[in-house]
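J.: My questions concern the predicted model and sequence given below.
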Amino acid sequence: MTTDVLQYFLYIAQGGITFENASEEFHISQSSISKMIRSLEDELGCQLFDRTRRSVSLTEAGKCFYNNLMEIRPAYQKMMSQMRSFSSLNTSNICFQSSAFSLDITRLINRFNEKNPNSFMTLKASSYDSDALLSLLYSDEADFGIMHKSIFEHNDLCNTPLKDDQLIAIFSVKSKTPKKSLDGSTVPILWAELRNEKLLIEKSHTIAYLMPELNRFFGTSYAAEEIENWPSVLRRVSHNEGITLAYYSNIDIIDTTQFHFCPISDIPDTPLVLTIPKSRSEAVFQNYNCFADFLLSEGGV
């Protein structure tokens, strides 16, 4: 058994949540987590979870395994902390903006660590809220992060662009608002042209956190209706009940036959960047540059 699968087991067991929730938290496919848990159960010779379509719960064997893991966990963490004091590894913590769906961050970090024996990267935290990630950076809880570049400049940060990722407005194909050019492409729109549209966004998601920044930048006060989940947002937009916003990299998970995708031309570029406070030490910057070169050369973004 690996430390990864034990981490996944503990996360699911502690939260009483589904494998789908765990896959979103760790940025790994649901099928991969399911296979690893099945492999762990095969290794132990017993079933750890009772599974239903909507939830999972611990079996008696699972409860026993969980209790034992929790007993030895402090000793394991103490051991790893002591071993790092003897290590020559250059270790860094990274935070990650969860809206970057196109990145399998866990896979990339594992591959980086395999290819760079003198450096070690760990995922500190992930969040849809870029301000929360910036707080981790400024408080030194994370060394650097992957996120969309802020609309406002942060002169105390260094950014390495990883991928262009424009913010777009999504309309129903039934909407008459988007204009078409002669070649059939959607003509870009201005932020002010959205003022008469009903804006629908997913609750507690990246765009919900971005709205105050957009309103501050444009001096507007657009309010959005927050919907519980992304499929519900798309369903209502497809019925022409409103529009929504998304990053361009996310539209590959959308049925493009039901929507028009309209660039917002007056919003500053918001590429996906690897960002680091300028105050970081030379050793951390060394890891930062090494990871940036890795991401760009591997084609993982």
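T.: Nice, thanks for sending it over.

J.: Summarise which helices and strands the longest helix seen in the chain is packed against.
T.: With secondary structure taken from DSSP state H, the chain has its longest helix at helix 60-86. Using 3 or more C-beta pairs under 8 Å, 6 or more residues apart in numbering; DSSP states H and E as the contact test, the elements touching helix 60-86 are helix 3-15. Backbone N, C-alpha and C define where each C-beta goes, glycine included.

J.: quick one: buried residues of the strand or helix carrying Asn93?
T.: Element membership for Asn93 (DSSP states H and E) is strand 90-97. Counting neighbours by 16 or more other C-beta atoms under 10 Å, one finds that the buried residues in strand 90-97 are Ser92, Asn93, Ile94, Cys95, Phe96, Gln97.

J.: Need those in a markdown table (columns: pLDDT).
T.: Output for the buried residues of strand 90-97, formatted as a markdown table (pLDDT from 0 to 100):
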| residue | pLDDT |
| --- | --- |
| Ser92 | 86 |
| Asn93 | 87 |
| Ile94 | 91 |
| Cys95 | 89 |
| Phe96 | 89 |
| Gln97 | 87 |
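
J.: ok so, going back, can you pull the buried residues of the longest helix of the chain?
T.: By neighbour count on 16+ other C-beta under 10 Å, the buried set for helix 60-86 is Gly62, Phe65, Tyr66.

J.: for it, the distance to its chain's centre please.
T.: Distance, stretch centre to chain centre, for helix 60-86: 27 Å (C-alpha atoms, centre = their mean, to the nearest Å).

J.: least trustworthy helix or strand in this structure by mean pLDDT?
T.: Lowest by mean pLDDT, DSSP states H and E among the helices and strands of the chain is helix 19-26, with a mean of 71.

J.: Which stretches in this protein count as strands?
T.: Taking DSSP state E as the test, the strands found in the chain are 49-51, 56-58, 90-97, 119-127, 144-148, 157-163, 167-172, 199-202, 224-227, 244-247, 259-263, 272-277.

J.: Nearest to Arg236, out of these?
T.: Of all these, it is strand 199-202 that lies closest to Arg236, at 5.6 Å by C-beta to C-beta.

J.: Leaving out chain neighbours, which residue sits closest to Lys203?
T.: Distance criterion C-beta to C-beta, 6 or more residues apart in numbering; nearest residue to Lys203, sequence neighbours excluded, is Glu226 at 4.1 Å.

J.: related to what we said a few turns ago, who does the strand holding Asn93 pair up with?
T.: Strands flanking strand 90-97 in the sheet, each with its direction: strand 119-127 (parallel), strand 144-148 (parallel) (DSSP bridges).

J.: What is the neighbour count of Ile105?
T.: Close neighbours of Ile105, defined as other C-beta atoms under 10 Å, add up to 21.

J.: can you redo the strands paired with strand 90-97 as TSV with distance to Leu167?
T.: Below are the strands paired with strand 90-97 laid out as TSV (distance: least, C-beta to C-beta, whole Å):
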stretch	distance to Leu167
strand 119-127	18
strand 144-148	8
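
J.: Against Thr257, how distant is the nearest residue to Tyr66 once chain neighbours are set aside?
T.: What sits nearest to Tyr66 in space, not counting adjacent residues and going by C-beta to C-beta, 6+ apart, is Ala13, at 4.8 Å. Distance of Ala13 to Thr257, computed by C-beta to C-beta, to the nearest Å: 41 Å.

J.: who's more crowded, those two?
T.: The neighbour comparison of Ala13 against Thr257 (other C-beta under 10 Å) goes to Ala13, with 21 against 7.

J.: That one against Gly62, yeah?
T.: Yes. Assessed by C-beta atoms under 8 Å, Ala13 is found in contact with Gly62 at 6.7 Å.

J.: which residues are common contacts for the two?
T.: With contacts taken as C-beta atoms under 8 Å, 6 or more residues apart in numbering, not a single residue reaches both Ala13 and Gly62.
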